[in-house]
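> Need coordinates for the following:
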Amino acid sequence: MKRFFMTMVCVCSSLIGLQAAPVKAQLIQYPVYAPQTVENYRAVCIQNDLNRYVIKLVETKPQGENPGKFQIRLREPSPFFNFSRPINDFLQIKVGSLPLHKLSPNLDAISFWNREKESGFTLPLNFNGKKYSLSFSMREDSPVLWARFTAPKDFSEQMEITLQAVPSALIVGQWIGYSRFAKTARKEIRGAGKFPLDAEDLYVILSDDDLAVGKKLDKKGTAVGPCLIVWKSGGTSASIEGLNQYIVKFLLQAQKQIEFGIWESKRKFTDAEFNNYFETWKKTVVSSSD
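Coordinates of the predicted model:
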């Protein structure tokens, strides 16, 4: 713990003393799970000095009576858990009654962009003839991956985004029950059910009591530690459910735009270690979610 804390102090001190390197966003070659089932895909890497994310846009082939579908998967930084899993979509979108997985986007239409201290890419999406856009990006001063889903200026319909996570990975002995909890800026949430969130919550940290203060990470290396979700609350309703289940779901709803960020790490964290680390970049999350 002491060694970890000193390492983080040194890293943060270095970042304060040096100008942050620009964010890089680019297409990369990346393995795809079960390539024989894939019709088309792209892998995009977005990284800065603090973190690296790989987003995969995958269109699968029809199989028997099952039609092909479009998925957005996250493959890095966390190995297999939190938001990153090789065969599952961490992000689901629905406009009205039409889900994202029924679309067939033009992946060649991906565009990359650079703004002041921020870089990312945008994928155009067509929902019932209406042009929407989905963007992912990072900023120089934060390890968070940001996403923005935007409706056409002259059109308004209920938009819904569901984020799926397996927090802290599968800690040994949790198959029967999960000891997960959600911590926001003002409260702690536990138990079954669906819990609404408001603007004062600011962010949600998904954690596990099995990684609490004084407890060690699982010896088999499967416990990767907490993950985080932050969202812009203006015109957006938020809720969380499934804290006692394998997959925790975070729901966002709005009419014109949904903007949110997620954080996870390849480094393994206990809850206490993450809390110390979060304090070093917390202001970048809170100010961005206002």
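> quick one: the residue lying closest to V54 once chain neighbours are set aside and W231, what's the gap?
In space, and not counting its chain neighbours, V54 is closest to E76: 4.1 Å by CB to CB, 6 or more residues apart in numbering. C-beta here means a position set from N, CA and C on the backbone, and glycine is covered the same way. According to CB to CB, to the nearest Å, E76 stands 22 Å off from W231.
> Between those two, which is the more surrounded one?
Neighbours were counted for E76 and for W231 using other CB atoms under 10 Å; W231 has more, 26 against 19.
> which ones are touching the nearest residue to the more buried one once chain neighbours are set aside?
Excluding the flanking residues, the one nearest W231 by CB to CB, 6+ apart is F260, at 4.1 Å. Residues near F260 by CB atoms under 8 Å, 6 or more residues apart in numbering: 146-147, 161, 163, 229-232, 252.
> which two from those end up farthest apart in space?
L163 and K232 (14.3 Å; CB to CB).
> of those two, who's got more company?
L163 (23 against 19).
> mind checking which helix or strand that one is in?
Here L163 sits within strand 159-165, counting by DSSP states H and E.
> Give the buried residues for that strand.
159-165 (16 or more other CB atoms under 10 Å).
> Quick check: P99 vs F81, distance?
P99 is 24 Å from F81, by CB to CB.
> correction: V32
V32 sits 19 Å away from F81, taking CB to CB as the criterion.
> Neighbour count for those two, which is higher?
Between V32 and F81, counting by other CB under 10 Å, F81 is the more crowded of the two (19 against 16).
> my read: the more buried one touches L206, true?
No - counting by CB atoms under 8 Å, F81 stays clear of L206, with 11.1 Å between them.
> Show me which of the buried residues of strand 159-165 is closest to D201.
L163 (15.0 Å).
> Specify the beta-bridge partners of the closest one.
L91, F250 (DSSP bridges).
> Now do it, the pLDDT please.
pLDDT, L163: 95.
> How about Y246?
Y246 is given a pLDDT of 80.
> Find the residue closest to it in space, skipping its chain neighbours.
Y246 sits nearest to V166 (CB to CB, 6+ apart), 6.5 Å away.
> Any regions of this structure where pLDDT drops low?
Within the chain, the stretches with pLDDT under 70 are 1-20, 79, 86-87, 169-177, 210-223, 287-290.
> what do you get if the cut-off is 80, keeping everything else the same?
Counting by pLDDT under 80, the chain has low-confidence residues at 1-21, 79-81, 85-88, 168-179, 208-225, 287-290.
> how about the helices of it, start to end?
Using DSSP state H, the helices of the chain run over residues 2-17, 271-279, 282-288.
> What is the shortest one packed up against?
Think helix 282-288. The elements that helix 282-288 packs onto, with contact taken as 3 or more CB pairs under 8 Å, 6 or more residues apart in numbering; DSSP states H and E, are strand 227-231, strand 257-263.
> Nearest to the spatial middle of this structure, which residue is it?
I262 (3.7 Å; CA atoms, centre = their mean).
> Quick one: residues contacting that residue.
Counting by CB under 8 Å, 6+ apart, I262 has contacts 83, 144-145, 147, 163, 227-230.
> who touches both of F81 and L206?
167-168.
> Please enumerate the strands of the stretch 51-200 of the chain.
52-60, 70-76, 91-95, 98-99, 111-115, 118-127, 130-139, 145-150, 159-165, 180-184, 188-189, 194-197 (DSSP state E, counting those that start in this stretch).
> in its sheet, what does the last one sit against?
So the one you mean is strand 194-197. Short version: by DSSP bridges, strand 194-197 pairs with strand 237-241 (antiparallel).
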